[in-house]
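> following is a predicted model, sequence given first.
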Amino acid sequence: MKKPLGRAKLVVIGLVCIICIISYLFIFRPMENALKKSKQQEFIYSAEAVGYAAEIFMTNCINDVRKLSNKTELKQKIRAYKAGNITLDDIKEYTLLAYEDEYDALEYVVGAFRIFEGGVIASKGSVDPVSLDWKPAFRDIASIIDPDSLSVTVYSPIKNNEEILGYDVAVFDISEVLENVHQGHMIHEIYSKGDVEKYLPNNNWTELKEGEYLAAGETETWYIKHLKNTDVYFIASSPNEIIYRTINTFLGGLLFYFPLTILISIAIIGIYTFGNIGRRIKGLESERDRYRKEAQMDGLTGTFSRNYFNEYLENNGFSLFHWPLAIAMIDVNNFKTINDTYGHSIGDDVLQEIAAVLKSSVRDTDMVVRYGGDEFILLLRDCSIENAEEILERAVEKIRNIDKYDFNIEISYGVVEVANKEELLSGIQQADLKMYQMKRKMSIN
């Protein structure tokens, strides 16, 4: 009896070993790979959200400084200067009066200065022009990022036709943006392409989508994203031990108890683990969608943002419009005085009130865009200039009748009508010029 019993024990032990080996090869290993892939996807989603926020910040910096250099009134002063109608001192006097208001409209700015005809004619903030390249040679707007200080320096040329007379230079701090979307154990860094290749010399990059890559090393994983309109890369990294810690702990215990609990473990993994990972991924997808939605809307006024408007224009969204299209450029009169006298909280409240009136004055199919600090654009589909003027007149009256402040709110606006999408950019410039003319006329009166 002992020999058959011993043989039976050996058979049972052999069967258990065979079951364990088969289960390891065909259940445990595929399960481990699937779980690790899910955790890796979580890491990508988290890093993607931060990279997207950094890219939006870079784009906004470039757009804000470009707007400084393309002010209608500044270009008119330059043309008058080149024609010999005003002096360089007149340009300096205008800049000193307008630059402070323009500077206050910039977000996350550390300092800025304006170069004209080879000299610094205005500066604000804590940046010393001498410490930067204040005699640049860029033909178009350019940004330089310092990875060590996490600062972005934007150079925007001031042109008279194709002649470059000077530059607007502004320095922004990106560190606060990265801190606002910090993801715990994840490290966020900015590098040039050369530094990235040096930083990751022995890792193969897997392309996730255009401009985005994943590099998985033995001890660490990196997400690499080329930031749009720049020559630098955003890198998010995390140790594999942290990324896969919960999986390693879980699978280690599973291996230890595997011979006895294989069937129960499979059921638990199917019901709990994958369901939990699925919920986590859905949560990260929702978080990513929230960042995208926030990029579309202006957080203060609830109108569309300048960044969304530019993307809409780049992606040919206006091809779906019904023409003609009326464009209205709107600016708040004496907004700097309101901020200086009553405080920025009141100024913000005024912008919210104006935005509410504008949104209630147009249709759901129209667009209200916060174009700058105190500037808005209305895009009225299938609308003539006469109808647009009526809409603006009613809005102006409603804004004047706002009685919650110790002062009256006045706006200036310019309206043009365009027949097709090819006329959009020139239409915006014409509306801006008309708005400036109205603003100037009201200031004289």
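Cool, the structure landed. Residues are numbered from 1 along each chain as shown.

> how about the strands in the stretch 1-150 of the chain?
Secondary structure of the stretch 1-150 of the chain, counting by DSSP state E, counting those that start in this stretch: strands at 109-116, 119-125, 142-146.

> pull up the pairing partners for the helix or strand following the last one, direction included.
Scanning the chain past strand 142-146 towards its C-terminal end, the next helix or strand to appear is strand 151-160 (assignment: DSSP states H and E). The partner list of strand 151-160 in its sheet, established with DSSP bridges, is strand 142-146 (antiparallel), strand 163-173 (antiparallel).

> tally of neighbours for residue 299?
Residue 299 has 8 neighbours, counted by other C-beta atoms under 10 Å. Yep, even glycine has a C-beta here, placed from its N, CA and C like the rest.

> meant to ask about residue 313, not that
There are 14 residues near residue 313, going by other C-beta under 10 Å.

> list the buried residues of the helix or strand it falls within.
Residue 313 belongs to helix 306-314 when assigned by DSSP H and E. Judged by neighbour count (16 or more other C-beta atoms under 10 Å), helix 306-314 contains these buried residues: 306, 307, 308, 309, 312.

> pick the most deeply packed of the strands of the stretch 1-150 of the chain.
Of these, the one with the most neighbours on average (mean count of other C-beta atoms under 10 Å) is strand 109-116, at a mean of 22.

> picking up where we left off before, among the buried residues of helix 306-314, which one sits closest to residue 328?
Distance ranking of these against residue 328, using C-beta to C-beta, places residue 309 first at 13.7 Å.

> which residue packs closest to that closest one, ignoring adjacent ones?
Spatial nearest neighbour of residue 309, chain neighbours left out: residue 369 (4.7 Å); criterion: C-beta to C-beta, 6 or more residues apart in numbering.

> contact partners for the one you found?
By C-beta atoms under 8 Å, 6 or more residues apart in numbering, the contact set of residue 369 is 303, 304, 305, 306, 308, 309, 376, 377, 378, 379.

> quick check: what element follows the host helix or strand of residue 346 along the chain?
Per DSSP H and E: residue 346 is located in helix 344-361. Counting by DSSP H and E, the next helix or strand C-terminal to helix 344-361 is strand 367-370.

> partners of whichever helix or strand comes after that following strand in the sheet?
As assigned by DSSP H and E, the chain's next helix or strand after strand 367-370 is strand 375-381. Here strand 375-381 has these sheet partners by DSSP bridges: strand 325-332 (antiparallel), strand 367-370 (antiparallel).

> so what touches strand 375-381?
303, 309, 321-322, 325-332, 354-355, 358, 362-363, 365-371, 387-388, 391-392, 428, 431.

> try it again at 6 Å.
321-322, 326, 328-331, 365-371, 388 (C-beta atoms under 6 Å, 6 or more residues apart in numbering).

> kindly report the same for stretch 100-107.
For stretch 100-107, contacts defined as C-beta under 6 Å, 6+ apart pick out 64, 68, 112, 124, 336, 373.

> can you pull up the bridge partners for the fourth one?
Read it as residue 124. residue 112.

> surely it is in contact with residue 110?
No. Using C-beta atoms under 6 Å, residue 124 is not in contact with residue 110; the gap is 9.9 Å.

> and the residue positioned nearest the centre of the chain, how far from residue 234?
Closest to where the C-alpha atoms of the chain average out (C-alpha atoms, centre = their mean) is residue 56, at 1.6 Å. According to C-beta to C-beta, to the nearest Å, residue 56 and residue 234 sit 12 Å apart.

> cool, residue 227 as well?
6 Å.

> dump stretch 211-221 to PDB, restricted to CA.
Listed next in PDB are the C-alpha coordinates belonging to stretch 211-221 (Å, rounded to 0.1, in the frame of the first residue of the first chain):
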ATOM      1  CA  GLY A 211       5.400  64.500 -31.000                       C
ATOM      2  CA  GLU A 212       4.800  62.200 -28.100                       C
ATOM      3  CA  TYR A 213       7.000  59.200 -27.100                       C
ATOM      4  CA  LEU A 214       7.400  56.600 -24.300                       C
ATOM      5  CA  ALA A 215      10.800  55.300 -23.200                       C
ATOM      6  CA  ALA A 216      10.700  52.400 -20.900                       C
ATOM      7  CA  GLY A 217      14.000  51.500 -19.100                       C
ATOM      8  CA  GLU A 218      14.800  48.700 -16.600                       C
ATOM      9  CA  THR A 219      14.400  51.000 -13.600                       C
ATOM     10  CA  GLU A 220      12.500  54.000 -14.900                       C
ATOM     11  CA  THR A 221       9.800  55.100 -17.400                       C
END
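
> ok, back up a step: identify whichever of the strands of the stretch 1-150 of the chain lies nearest to residue 157.
The closest of those to residue 157 is strand 142-146. By C-beta to C-beta, the value is 8.8 Å.

> would you mind pulling the contact partners of the closest one?
With C-beta under 6 Å, 6+ apart as the criterion, strand 142-146 contacts 62, 152, 153, 154, 155, 190, 230, 232.

> now it, how far from the centre of its chain.
Taking C-alpha atoms, centre = their mean, to the nearest Å, one finds strand 142-146 lying 16 Å from the centre of the chain it belongs to.

> now it: mean pLDDT?
Confidence over strand 142-146 (mean pLDDT, whole number) is 83.

> all helices of the stretch 201-350 of the chain, in order?
Assigned by DSSP state H, counting those that start in this stretch, the helices in the stretch 201-350 of the chain fall at 240-243, 245-268, 274-296, 306-314, 335-342, 344-361.

> least reliable of the ones you listed going by mean pLDDT?
Mean pLDDT values for those show the minimum at helix 274-296, a mean of 58.

> state the number of residues packed around the residue lying closest to residue 78 once chain neighbours are set aside.
Nearest residue to residue 78, sequence neighbours excluded (C-beta to C-beta, 6+ apart): residue 160, at 5.0 Å. When neighbours are counted by other C-beta under 10 Å, residue 160 registers 13.

> out of the strands paired with strand 375-381, deepest packed?
It is strand 325-332: most buried of the strands paired with strand 375-381 by mean count of other C-beta under 10 Å, with a mean of 24.

> distance check, residue 187 against residue 13.
49 Å.

> of those two, which one has the most company?
A direct count of neighbours by other C-beta under 10 Å for residue 187 and residue 13 places residue 187 higher, at 13 against 10.

> report the spatially closest residue to the more buried one, excluding sequence-adjacent ones.
residue 237 (5.0 Å).

> of the strands of the stretch 1-150 of the chain, which is nearest residue 84?
Nearest of those (C-beta to C-beta): strand 109-116, 16.1 Å.

> which strands and helices sit next to the closest one?
strand 119-125, strand 163-173 (3 or more C-beta pairs under 6 Å, 6 or more residues apart in numbering; DSSP states H and E).
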